[in-house]
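Engineer: Return a 3D structure for these sequence lines:
(one chain, ligands or ions: 3)
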Amino acid sequence: MLLAVDIGNTDITFGLSRQNEWIFSWRIKSEISRSVGAYELELRNYFLENDISLNDIHQVVISSVVPSLTSKLEQVLQNSFTVSPLILGPSIYPDLKVTVRNANEIGTDLVANAVAAFHHFNDPCIVVDFGTALTFTTIDSDGKLMGVAIAPGIKTAMKSLSSNTAQLPEVPLQLPDSALGKDTIHAMQAGILIGYVGLVKEMLTHIKKEINKPCKVIATGGLSSVLTPLRPEFDEINNMLTLDGLRVIATNHFRLNKD
Ligand SMILES: Nc1ncnc2c1ncn2[C@@H]1O[C@H](COP(=O)(O)OP(=O)(O)O)[C@@H](O)[C@H]1O
Ligand SMILES: CC(C)(COP(=O)(O)O)[C@@H](O)C(=O)NCCC(=O)O
Ligand SMILES: [K+]
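Structural biologist: Ligands and ions are numbered 1, 2, ... in the order given. Below you'll find the model as predicted:
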């Protein structure tokens, strides 16, 4: 079995795959202050509770956009399994079907998203990732990663608004029917959620105009289903996209380096 680990700024997502099918996936919080021991205990407990043997893991692959957690999780995985984890980074990019520009800056989760989208569609793609950040990653028909746009994620915008004001609370991420807020909660939901529908639509319009060819739009990330009016904009919503990309990359890497 293959274990793929996506370390994001809010959550760490795990996926366990057998014969190219995800048989388990789960999330834990990304906490920089947490110890290797605490993470390891939680991982081992998950395996125990689900009756999975640690020895059944033959490949491990990690993407991390939180440098202080990369080595911690690497250690956790080293301690738990008999194989060394593959850590996605610029040294692996030359082996990918996707061509990466600015390899030292781009988030490895965005690279994994691009690989998964291109692998699946083999067409120009825009990946919209609704995580801590809201990102738009565009891939051309030949697999070239054409560019990225980064905005605050929906929850991040909400948190920033409440933490920078004296009287605004954090409110549930529920899309209201009306943009004419009748109380503070409704007013914030209107401004953020209806506003973000517009942000995403405008970004897609702008990117499509720039690339000027038919393309697929794929949504991913923990908050990908919050903005329901965007559903028709997406050819697919796939919350496993980053893990899918890691699986493609790992399978290819371990095949190339078999001997
Ligand atoms: N099924 C779900 N429904 C609604 N929100 C979710 C779901 N799964 C995750 N989330 C939310 O998504 C956010 C994390 O998204 P994620 O894409 O994992 O971010 P990051 O990659 O930046 O860590 C968290 O706020 C979490 O509460
Ligand atoms: C843009 C991101 C913050 C997204 O992270 P996430 O929302 O998944 O936690 C991450 O991919 C990152 O730190 N990227 C580095 C900058 C770049 O991609 O150019
Ligand atoms: K992510």
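Engineer: so how far is Met1 from the residue of the chain positioned farthest from its centre?
Structural biologist: Relative to the centre of the chain, the most outlying C-alpha is that of Lys182, 34.8 Å out, by C-alpha atoms, centre = their mean. Taking C-beta to C-beta, to the nearest Å as the measure, Lys182 falls 52 Å from Met1. Where you see a C-beta, it was placed from the backbone N, CA and C, and this is true even at glycine.
Engineer: ok so, going back, state the pLDDT value of the residue farthest from the centre of the chain.
Structural biologist: Predicted confidence (pLDDT) for Lys182: 98.
Engineer: Which residues outside stretch 48-60 are in contact with it?
Structural biologist: 1-5, 16, 24, 44, 47, 77, 80-86, 250-251, 254 (C-beta atoms under 8 Å, 6 or more residues apart in numbering).
Engineer: surely Lys201 meets Leu230?
Structural biologist: Yes - the pair Lys201 / Leu230 is scored as a contact, 7.4 Å apart, by C-beta atoms under 8 Å.
Engineer: Compare those two and say which is more crowded by neighbours.
Structural biologist: Using other C-beta atoms under 10 Å, the more surrounded residue of Lys201 and Leu230 is Leu230, with 20 against 14.
Engineer: Please look at that one and Val200 and confirm they touch.
Structural biologist: Yes - counting by C-beta under 8 Å, Leu230 touches Val200, with 5.6 Å between them.
Engineer: Secondary structure class of the residue in the stretch 151-259 of the chain that ligand 3 sits nearest to, three-state.
Structural biologist: Residue nearest to ligand 3 within the stretch 151-259 of the chain: Thr242 (5.1 Å; C-beta to the ion). Secondary structure, DSSP: H, G, I helix; E, B strand; the rest coil: Thr242 is helix.
Engineer: Likewise for Leu43?
Structural biologist: helix.
Engineer: Near it, how many other residues are there?
Structural biologist: Neighbours of Leu43 using other C-beta under 10 Å come to 23.
Engineer: what sits against it?
Structural biologist: 14, 76, 80.
Engineer: Mind checking which of those land in strands?
Structural biologist: Phe14 (DSSP state E).
Engineer: Provide a ChimeraX selection command restricted to the buried entries of the contacts of Leu43.
Structural biologist: Buried members of the contacts of Leu43, defined by 16 or more other C-beta atoms under 10 Å, are picked up in ChimeraX with:
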select :14,76,80
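Engineer: So which of the contacts of Leu43 is the closest to His119?
Structural biologist: Using C-beta to C-beta, Phe14 comes nearest to His119 of the contacts of Leu43, at 20.5 Å.
Engineer: can you pull the contacts of Phe121?
Structural biologist: Counting by C-beta under 8 Å, 6+ apart, Phe121 has contacts 216, 218, 235.
Engineer: pLDDT value on it, please?
Structural biologist: 97.
Engineer: burial of the closest residue to Gly107 other than its chain neighbours, as a residue count?
Structural biologist: Excluding the flanking residues, the one nearest Gly107 by C-beta to C-beta, 6 or more residues apart in numbering is Val65, at 4.5 Å. Other residues within reach of Val65, judged by other C-beta under 10 Å, total 19.
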